[in-house]
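*Asks:* Sequence and predicted structure are below.
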Number of protein chains: 2
Amino acid sequence: MKQLFAALAIAAAAVPALAHEGHEHNAFSKPEDAVRYRQAAFSVMGTHFARIGQVVKGEKPFDKAAVQADVAVVEALAKLPFAAFPAGSDLSNSKAKPEVWKEAGKFKAGADKMQGEIAKLSTAAKSGDLNAIKVAFGGVGQSCKSCHDNFKNK
Amino acid sequence: MKQLFAALAIAAAAVPALAHEGHEHNAFSKPEDAVRYRQAAFSVMGTHFARIGQVVKGEKPFDKAAVQADVAVVEALAKLPFAAFPAGSDLSNSKAKPEVWKEAGKFKAGADKMQGEIAKLSTAAKSGDLNAIKVAFGGVGQSCKSCHDNFKNK
């Protein structure tokens, strides 16, 4: 038991900012934590999506395993940021437009659309057919752009 | 074909900062891109690890599915940041100590150790045994702290 508590103390020390449940539907205790989290998730996702883009545009040779790995990261991360737009997190360092909260249903539909397009990209990546990957990549990109146009300031 | 190019143009526009391969072992064209990427990956990982910590410390009720989902995110993200310490990315906004590059083998061993501990946490989470989760969480936390002590400035 003593060992367990020692391990927990060490573990706690290793995590500088512990998030505390605000209320049932908000896992972030402070709005700035939600902003940082969603921006970080979008950033990592964008890096891996851009790597697929380089292949699609012929800037990088097509390596099936590498594309599959990038798609897997995109797919895992795409689920995360949309849980991090609690009310009151429209902070000045956020590029989220007020429509995120005013048109929550439309925002949710956009997130779902993107995840559906990413699922298609995942299927295409598994097939290894570069043309199918190109088409599916375009579909994901359009879903990104559509949401950015409606919900994200430049 | 025209449609494909239109889709690609849209996709490219949706990704503000496209990473370009620097050289074979560095997927980041600019050191600051690598810093931003690794900090973002650690940040998202830390958020989900902290959520498991709340359960382990009894601050949040134990929900097996939620813990498994958090562990899955931790596991997916734990693989990412260590590919983002190219030479020359010891920038002033990075907390990485020079030892990251001077003792690259030890740093790699620390990263591998953490991933091994996370694999144990994943097994524990799948078992649904809260005591096993607590022990495995402590192991991951110790691997975090050990690396932070050696390789990260406060």
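*Replies:* Thanks, I have it.

*Asks:* all strands of chain A, in order?
*Replies:* Using DSSP state E, chain A contains no strands.

*Asks:* and the longest helix along chain A, which residues are buried?
*Replies:* Scanning chain A for the longest helix, with DSSP state H as the assignment, gives helix A:31-56. In terms of neighbour count (16 or more other C-beta atoms under 10 Å in any protein chain shown), helix A:31-56 has its buried residues at A:31, A:33-56. (Glycine included, C-beta is placed from N, CA and C.)

*Asks:* Within reach of chain B, which of those residues are there?
*Replies:* Restricting the buried residues of helix A:31-56 to those near chain B by C-beta under 8 Å from any C-beta of the partner chain leaves A:33, A:36-37, A:39-41, A:43-44, A:46-47, A:49-51, A:53-54, A:56.

*Asks:* I figured A:Ala27 hits B:His48, correct?
*Replies:* No. Counting by C-beta atoms under 8 Å, A:Ala27 sits too far from B:His48 to count as a contact (9.5 Å).

*Asks:* if I pick A:Glu103, what's in contact with it?
*Replies:* Shown in contact with A:Glu103 (C-beta atoms under 8 Å, 6 or more residues apart in numbering or on different chains): A:Asn150.

*Asks:* Return the distance of it relative to chain B.
*Replies:* 19 Å (C-beta to the nearest C-beta, to the nearest Å).

*Asks:* so where's chain A uncertain?
*Replies:* Filtered on pLDDT under 70, chain A yields the residue ranges A:1-25.

*Asks:* Now do the helices in it.
*Replies:* A:2-14, A:31-56, A:64-78, A:99-102, A:104-127, A:130-151.

*Asks:* Switch these over to a markdown table; also include distance to B:Ala69.
*Replies:* Formatted as a markdown table, the helices of chain A follow (distance: least, C-beta to C-beta, whole Å):
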| stretch | distance to B:Ala69 |
| --- | --- |
| helix A:2-14 | 19 |
| helix A:31-56 | 14 |
| helix A:64-78 | 11 |
| helix A:99-102 | 23 |
| helix A:104-127 | 15 |
| helix A:130-151 | 23 |
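
*Asks:* For burial, what's the neighbour tally of the residue lying closest to A:Trp101 once chain neighbours are set aside?
*Replies:* Sequence neighbours aside, A:Ala87 is the residue nearest to A:Trp101 in space, at 6.2 Å (criterion: C-beta to C-beta, 6 or more residues apart in numbering or on different chains). A:Ala87 sits with 10 neighbouring residues when counted by other C-beta atoms under 10 Å in any protein chain shown.

*Asks:* next one: A:Phe85
*Replies:* Counted with other C-beta under 10 Å, the neighbours of A:Phe85 add up to 24.

*Asks:* what's the distance between it and A:Phe107?
*Replies:* 8 Å (C-beta to C-beta, to the nearest Å).

*Asks:* So for the two, which residues contact both of them?
*Replies:* In terms of C-beta under 8 Å, 6+ apart, A:Phe85 and A:Phe107 are both contacted by the residues A:Val100.

*Asks:* follow-up on the earlier one: out of the helices of chain A, the one nearest B:His148 is which?
*Replies:* Nearest to B:His148, of all those, is helix A:2-14, at 5.9 Å by C-beta to C-beta.

*Asks:* thinking again about what came up before, measure the residue nearest to A:Trp101 to chain B for me?
*Replies:* Noted for A:Ala87: a distance of 19 Å to chain B, by C-beta to the nearest C-beta.

*Asks:* hang on, A:His48 packs against A:Glu75?
*Replies:* No. If you go by C-beta under 8 Å, A:His48 and A:Glu75 don't touch, sitting 9.6 Å apart.

*Asks:* what residue is smack in the middle of chain A?
*Replies:* Closest to where the C-alpha atoms of chain A average out (C-alpha atoms, centre = their mean) is A:Ala78, at 3.6 Å.

*Asks:* Now for it: which residues touch it?
*Replies:* Neighbours of A:Ala78 in contact, by C-beta under 8 Å, 6+ apart: A:45, A:114-115, A:118.

*Asks:* let's see it at 10 Å
*Replies:* A:41-42, A:45, A:49, A:111, A:114-115, A:117-119, A:140, A:143-144 (C-beta atoms under 10 Å, 6 or more residues apart in numbering or on different chains).
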